[in-house]
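Asks: what's the 3D shape of this:
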Amino acid sequence: MINILFVCLGNICRSPMAEFVMKDLIEKKNLTKEFYIASAATSAEETGNPVHHGTRNKLRELGISTAGKYAVQIKKSDYGKYDYILGMEQRNIAGIMRIVGGDPKGKIKRLLDYSLNPRDIADPWFTGDFEETYHDVKEGCEALLASILKSEKFI
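Replies: Sure, this is the predicted structure:
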């Protein structure tokens with residue numbers, strides 16, 4: 001099983017969007033049993049809160065539910081649990097490193113580092129642009145999944 005953790009600042013906008021977009025991509029490829037997908041925050045500010053209405057509404061338009069998801073914070077022990085830990089922006093990477101204590105196995109990257117155009121994913125909490133965030137998240141999830149499916153684990 002391949003374990004993937006998506007991480008952003010609060011775990012209410014970008015990382016849950018990535019979690020549910022990736023789950024949808026995997027389900028469409030009938031690979032659900034091969035993956036465990038989750039998301040978390042670097043901060044405790046939103047812990048226990050539901051997914052932001054902007055993310056919920058955007059994903060609902062696409063037939064993707066976020067039901068049952070509430071913000072959680074990444075823990076040091078998550079480093080051992082996940083094969084891929086993906087921040088949405090460079091600031092998230094710094095926060096992840098602070099919490100887990102480093103990256104000796106090279107598991108921590110930005111989601112869009114897997115794309116042809118590596119970059120940060122803007123926080124829609126500040127920009128209000130959930131459409132742009134969705135397109136960036138989808139691009140990253142598709143690139144990540146393609147990379148994983150090409151890896152030795154799936155050959």
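Asks: Which stretches in the chain count as strands?
Replies: Listed in chain order, the strands of the chain (DSSP state E) span 2-8, 35-41, 84-87, 108-110.
Asks: would JSON lines of those strands with mean neighbour count be doable?
Replies: Glycine gets a C-beta too; all of them are placed from N, C-alpha and C. As requested, the strands of the chain are arranged in JSON lines below (neighbours: other Cβ atoms under 10 Å):
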{"stretch": "strand 2-8", "mean neighbour count": "25"}
{"stretch": "strand 35-41", "mean neighbour count": "22"}
{"stretch": "strand 84-87", "mean neighbour count": "25"}
{"stretch": "strand 108-110", "mean neighbour count": "20"}
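Asks: Is it possible to get JSON lines of those that adds mean pLDDT and distance to P16?
Replies: Formatted as JSON lines, the strands of the chain follow (pLDDT from 0 to 100; distance: least, Cβ to Cβ, whole Å):
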{"stretch": "strand 2-8", "mean pLDDT": "98", "distance to P16": "8"}
{"stretch": "strand 35-41", "mean pLDDT": "98", "distance to P16": "5"}
{"stretch": "strand 84-87", "mean pLDDT": "98", "distance to P16": "13"}
{"stretch": "strand 108-110", "mean pLDDT": "98", "distance to P16": "17"}
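Asks: any chance of those strands in a markdown table, plus distance to L145?
Replies: Formatted as a markdown table, these follow (distance: least, Cβ to Cβ, whole Å):
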| stretch | distance to L145 |
| --- | --- |
| strand 2-8 | 9 |
| strand 35-41 | 9 |
| strand 84-87 | 11 |
| strand 108-110 | 14 |
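Asks: A67 is nearest to which of these?
Replies: strand 35-41 (14.3 Å; Cβ to Cβ).
Asks: Distance from the chain centre to that closest one, please.
Replies: 7 Å (Cα atoms, centre = their mean, to the nearest Å).
Asks: what's the angle between that strand and strand 2-8?
Replies: 20 degrees (axes from the mean of the first three to the mean of the last three Cα atoms, to 10 degrees).
Asks: Other residues contacting strand 35-41?
Replies: Contact partners of strand 35-41, identified using Cβ atoms under 8 Å, 6 or more residues apart in numbering, comprise 1-12, 15-16, 18-19, 22-23, 26, 47, 69, 71-75, 78, 82.
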